[in-house]
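Q: No sequence on hand, only this structure:
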């Protein structure tokens, strides 16, 4: 019998994994011995976090990140054909969204392998449902351009699309969050709504939606926090 591919959720940070990941998902993860991961060190750390006696040395890890060539991943699913299950893990949250795990999932479908998603936290979805913005029509845009002029142009484009009824979700590297917030405030119309969802599921969690004009009165410090931005 073939094994299957499981999409393994991990925490968005913090120590209380049972707060955000169901116990049955943790139990399933503990029994896996093959993993396709974005970062081997953090994957091992997570497994030891959910089970201090996890047999790391008896497990096999395949690296899948933005630098992994397609030619390297062709053998990653071989254990499935020997009857073993494989777990895909991202750096945080659920694999496959803003994450290279989608590549191996696509390969699994090509090979007629069953793919099973497991329940866990997604900062993108949690931010959206807590924002009060349009959960019926929305777009996730990943990371915006770093160059200021290109970022400004992209923000204007996203704001226009948001006015057509589509909430626009995007993110930034933590150390550039402050610059991103300043760019949004300087670029967007005062009546445009902005949700800033920071440190979701952590003790420092903050999810606030206000007009740009209101954000200008009290600009929060976002540097080095994990933030999802949503415009509408």
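A: Cool, the structure landed. All of these numbers come straight from a predicted model, not from anything done at the bench.

Q: Buried ones in stretch 135-148, by neighbour count?
A: Judged by neighbour count using 16 or more other C-beta atoms under 10 Å, the buried positions of stretch 135-148 are 138, 140, 141, 144. Where C-beta positions appear, they are placed from N, C-alpha and C, glycine not excepted.

Q: For these, give me JSON lines that also has secondary structure.
A: Below are these laid out as JSON lines (DSSP: H, G, I helix; E, B strand; the rest coil):
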{"residue": "138", "secondary structure": "strand"}
{"residue": "140", "secondary structure": "strand"}
{"residue": "141", "secondary structure": "strand"}
{"residue": "144", "secondary structure": "coil"}
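
Q: ok, so of those, who is nearest residue 1?
A: Ranked by distance to residue 1 (C-beta to C-beta), the buried residues of stretch 135-148 are led by residue 140 at 36.0 Å.

Q: tell me the domain boundaries of this protein?
A: As assigned by automatic domain parsing, the chain contains the domains 5-117, 123-231.

Q: re earlier: the buried residues of stretch 135-148 into TSV, with extra columns for pLDDT and distance to residue 107?
A: Below are the buried residues of stretch 135-148 laid out as TSV (pLDDT from 0 to 100; distance: C-beta to C-beta, whole Å):
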residue	pLDDT	distance to residue 107
138	97	28
140	96	22
141	97	25
144	97	29
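
Q: Which strand residues bridge residue 168?
A: Note on residue 168: beta-bridge partners by DSSP bridges are residue 139, residue 231.

Q: Please name the nearest non-neighbouring residue to residue 153.
A: Spatial nearest neighbour of residue 153, chain neighbours left out: residue 145 (7.9 Å); criterion: C-beta to C-beta, 6 or more residues apart in numbering.

Q: tell me which element that neighbour is part of?
A: If you go by DSSP states H and E, residue 145 is not part of any helix or strand.

Q: how close does it sit to residue 157?
A: With distances taken as C-beta to C-beta, to the nearest Å, residue 145 is found 11 Å from residue 157.

Q: And residue 193, by the same measure?
A: 17 Å.

Q: Now do the residue nearest to residue 153, the pLDDT please.
A: Per-residue pLDDT puts residue 145 at 96.

Q: Report the contact partners of residue 227.
A: 171, 172, 174, 177, 180, 196, 197, 198, 199 (C-beta atoms under 8 Å, 6 or more residues apart in numbering).

Q: Only the buried subset of the residues you listed, as a PyMOL command please.
A: Here is the PyMOL command that selects the buried residues among the contacts of residue 227 (16+ other C-beta under 10 Å):
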select buried, resi 171+172+177+180+196+197+198+199
